[in-house]
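In: please work out how this folds:
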Amino acid sequence: MIMTRGQKIFNACNIVFLGAIGLSMVLPLIHIIAQSLSNSVAINAGEVSFWPVGFTFGSYKLILQDPSIWLGFRNSVIITVFGTLINLIMTSSLAYPLSRPEYLYRKFVLILILITLVFSAPLIPNYLLVKQLGLLDTLWALMLPMAISAFNLFVMRSFFMNLPGELIDSAKIDGCGEFRIFWKIVLPLSKPALATMG
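Out: Residues are numbered from 1 along each chain as shown. As a prediction, this is how the structure comes out:
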């Protein structure tokens, strides 16, 4: 395809504009990395721009010797792994019955969940809830209050509703209970939805 002169000018302007935006994001990061690898005398003298002066790993050694860094890293891993696991279990466990037309009161429960999606609780009621549950100063305070995400629940429920009803009916005819249907049939078929939630 042959480009016109106007298209070439437009593409050139796009490249210059996007390149300038990219540099404005990358250069401060490069500057910080250069400072982290430079000695304090050069930093205080303002000699460090985008290349380390007086190359040293002293800053990194000092940071890695601080036990609070490793404690924070451990807490981040625990919250990420167990928080995601709790969220997946709780959200999918609630989304499945809400996706089945035979379950009573599902519309009422959906309205309650929709209210929490539109009107989130402020900070002080959240704090009081965590305090009343005895979760203050624990990692559970960061995982349990957000165990069920309303948005993820609606995504998961929509996915469950698209599963063939005949599949679940045939499992019931074969003698499967609801938990076994959910665990052995519904969840393995819902791996794409679970992956988007995780």
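In: quick one, helices of the protein?
Out: According to DSSP state H, the chain carries its helices in the segments 5-36, 40-44, 58-64, 67-99, 106-118, 123-132, 140-143, 150-161, 165-173, 178-181, 187-189, 191-197.
In: and the angle for the fourth one with helix 165-173?
Out: It stands for helix 67-99. 90 degrees (axes from the mean of the first three to the mean of the last three C-alpha atoms, to 10 degrees).
In: so which bits of stretch 140-149 are buried?
Out: Within stretch 140-149, the residues that count as buried by 16 or more other C-beta atoms under 10 Å are Trp140, Ala141, Met143, Leu144, Ile148, Ser149. Where you see a C-beta, it was placed from the backbone N, CA and C, and this is true even at glycine.
In: hang on, the earlier thing: which of the helices of the chain sits closest to Phe50?
Out: helix 5-36 (5.1 Å; C-beta to C-beta).
In: mind checking the pLDDT average for that closest one?
Out: Averaged across helix 5-36, the pLDDT comes to 91.
In: then stretch 186-194?
Out: Mean predicted lDDT for stretch 186-194 stands at 84.
In: cool, stretch 53-66 as well?
Out: The average of the pLDDT scores along stretch 53-66 is 84.
In: please compute how far it lies from its chain's middle.
Out: From the chain centre to the centre of stretch 53-66 is a distance of 31 Å (C-alpha atoms, centre = their mean, to the nearest Å).
In: contacts only, for Asn126.
Out: Applying C-beta atoms under 8 Å, 6 or more residues apart in numbering to Asn126 gives the contacts Pro145.
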